[in-house]
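[1] Kindly return the folded structure for what I paste below:
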Amino acid sequence: MAAAQKPRVVLVTGGSKGIGRGIAQRLHAAGHRVAATYRSGDVPAGVLGVQCDITDPGQVDAAFSAVEAELGPVEVVVANAGITRDTLLMRMSDDDWSAVIDTNLTGSFRVAKRATRGMMRARFGRMIFISSVVGQLGSAGQVNYASSKAGLVGLARSLARELGSRGVTANVVAPGFIETDMTAVLGEDLVKKYTSQIPLGRLGAVDDIAATIEFLASDAAGYITGALIPVDGGLGMGH
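    Presented below is the predicted three-dimensional model:
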């Protein structure tokens, strides 16, 4: 019989809605001590909520300090917080570009950097970055978003090389089209178009992503690092 999973202290960024909320709920249900950052709204029951804008290094540091004081040193980080500002390149402003990169990519860098020292000291850590299928496929109107999500692969793989000898893993999960509030507003015709391109013939569920995160956070995933794991129904295969 496999050994029981040791409960860990987990911090999920962007845990008030969508995929981040589902991840926080699943990890809490699995017995972990979970905290989640949010900018507005709330976090799931049983999860420690910490208000934090990850574009502000001071707020990132304060969020970690709050979690450390309440739950203990952070052992698992799920860098999920992200935004979109979609528009065609010809219309994309410098601010549209900078806001998305600063939140999705630089924000994940800040979170990983703050987590590193404690993980190295403990000689254990799990860093999990939430990318997107468009980081590999590309997407018209999402030059900023796709670039930020592709950048997470380079970030994670570099961290895997830097931190591996200290027992810290760094992996990337790339969701495809997942049923969330964001996809709910796409309209039936667009959803049908996307679904027709997915070999499994359906949009994913939030729990499809959360289950993958639960595995990567576990002791069973200790020999997986630098991996890009697509959870997209086969949409992005070959990229």
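[2] ok, A150 touching G135?
    Yes: if you go by CB atoms under 8 Å, A150 and G135 touch, sitting 4.1 Å apart. Heads up, the C-betas are built off the backbone N, CA and C, glycines and all.
[3] so where do the helices sit in this structure?
    18-29, 57-70, 94-100, 107-122, 134-137, 143-163, 181-184, 188-196, 206-216 (DSSP state H).
[4] returning to that earlier point: neighbour count winner among A150 and G135?
    G135 (24 against 19; other CB atoms under 10 Å).
[5] Could you pull up the residues touching the more buried one?
    Contact analysis of G135 by CB atoms under 8 Å, 6 or more residues apart in numbering lists A146, S148, K149, A150, G151, L152, V153, A174.
[6] that older thread, so which of the helices of the chain is the most surrounded?
    Comparing these by mean neighbour count (mean count of other CB atoms under 10 Å), helix 18-29 ranks first with a mean of 24.
[7] picking up where we left off before, please identify which of the helices of the chain is closest to V12.
    The minimum distance between V12 and those falls on helix 18-29, with 4.7 Å, by CB to CB.
[8] Kindly format the C-alpha coordinates of the closest one as CSV.
    Listed next in CSV are the C-alpha coordinates belonging to helix 18-29 (Å, rounded to 0.1, in the frame of the first residue of the first chain):
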residue,chain,number,x,y,z
GLY,A,18,-12.3,29.8,-12.0
ILE,A,19,-9.4,27.4,-12.2
GLY,A,20,-7.6,28.9,-9.2
ARG,A,21,-10.6,28.5,-6.9
GLY,A,22,-11.0,24.9,-8.1
ILE,A,23,-7.4,24.1,-7.4
ALA,A,24,-7.6,25.6,-3.9
GLN,A,25,-10.8,23.6,-3.1
ARG,A,26,-9.3,20.3,-4.3
LEU,A,27,-6.1,20.7,-2.5
HIS,A,28,-7.9,21.6,0.7
ALA,A,29,-10.2,18.5,0.3
